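>>> Sequence plus the predicted model coming up.
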Amino acid sequence: MHATIIDGYVYGTGSAINIELGFFPDVVTVVNLTDGDKVTNAYMAFCAAFTSGGTATIAEGDVLVGATSGAYARLRKAPVIASGSFAAGTAAGHFIFSRDSMVGTFTASELLYVRNNSTGSVDDATLTAAPAVINTSYDTEVATETGNAAISHYVGSSGSAAKGFTIGSTVSESAKFLHWEARRVDA
């Protein structure tokens, strides 16, 4: 395995700040160096809870397609099973989608099928929540960072292919000196 680690410094603005790297990182950490009141970590792979709807075994590398939305993404890792099994049609757990393979927007409670294995009429799995980037925050403040206010993917502006991440508005505290570190692991 090879790891790429890039870091930098910015001043918070109170608004979102886009950081262009040319790739989507696996993990981003932003530390407020002015007063140390906030450290925010983002696991940048898209995670989503699921239940199985059929007996198809879903594996690492499979491309899952939303039967309603038409969105699709490749599984970065084998599904993490919390209970049941695919063979019995009772599997429940989490999917971890590849950071740069998602096309379109999955919806909560959407039926999924494995591309090249079945069709949209077959329920190989059901999302219990739409895929999301997972953010954790260690801070002395009461506010919680979620959604676009936290750290998220940046896919570039119109006509730009610059991938990276966005430091959301609540993490980008106005006039605070911030250190960011982005890590990507390639197998």
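Received it, and whenever you're ready, just let me know what you need.
>>> name the helices or strands packed onto the helix or strand hosting Ile19?
Ile19 belongs to strand 17-20 when assigned by DSSP states H and E. With contacts defined as 3 or more C-beta pairs under 8 Å, 6 or more residues apart in numbering; DSSP states H and E, strand 17-20 has these neighbours: strand 2-11, strand 151-154, strand 164-167. C-betas here are computed from N, CA, C, even on glycine.
>>> what's the closest of the ones you listed to Ala48?
strand 151-154 (14.8 Å; C-beta to C-beta).
>>> In terms of mean pLDDT, which of the helices and strands packed on strand 17-20 ranks lowest?
Ranked by mean pLDDT, the helices and strands packed on strand 17-20 bottom out at strand 151-154, with a mean of 82.
>>> and the lowest-mean-pLDDT helix or strand in the chain, how far out from the chain's middle?
Lowest on mean pLDDT, DSSP states H and E among the helices and strands of the chain sits strand 132-139, with a mean of 75. In terms of C-alpha atoms, centre = their mean, to the nearest Å, the centre of strand 132-139 is found 11 Å from the chain centre.
>>> helices and strands around it, which ones?
strand 38-52, strand 151-154.
>>> what do you get if the cut-off is 6 Å, keeping everything else the same?
Helices and strands touching strand 132-139, by 3 or more C-beta pairs under 6 Å, 6 or more residues apart in numbering; DSSP states H and E, are strand 38-52.
>>> Just the residues contacting the strand it packs on, thanks.
For strand 38-52, the surrounding residues in contact (C-beta atoms under 6 Å, 6 or more residues apart in numbering) are 25-32, 76, 86, 89, 91-92, 94-97, 99, 102, 125-129, 131, 133-139, 145, 151, 171.
>>> which of those residues count as buried?
Among the contacts of strand 38-52, the ones that count as buried by 16 or more other C-beta atoms under 10 Å are 25-32, 76, 86, 91-92, 94-97, 99, 102, 125-127, 131, 133, 135, 137, 139, 145, 151, 171.
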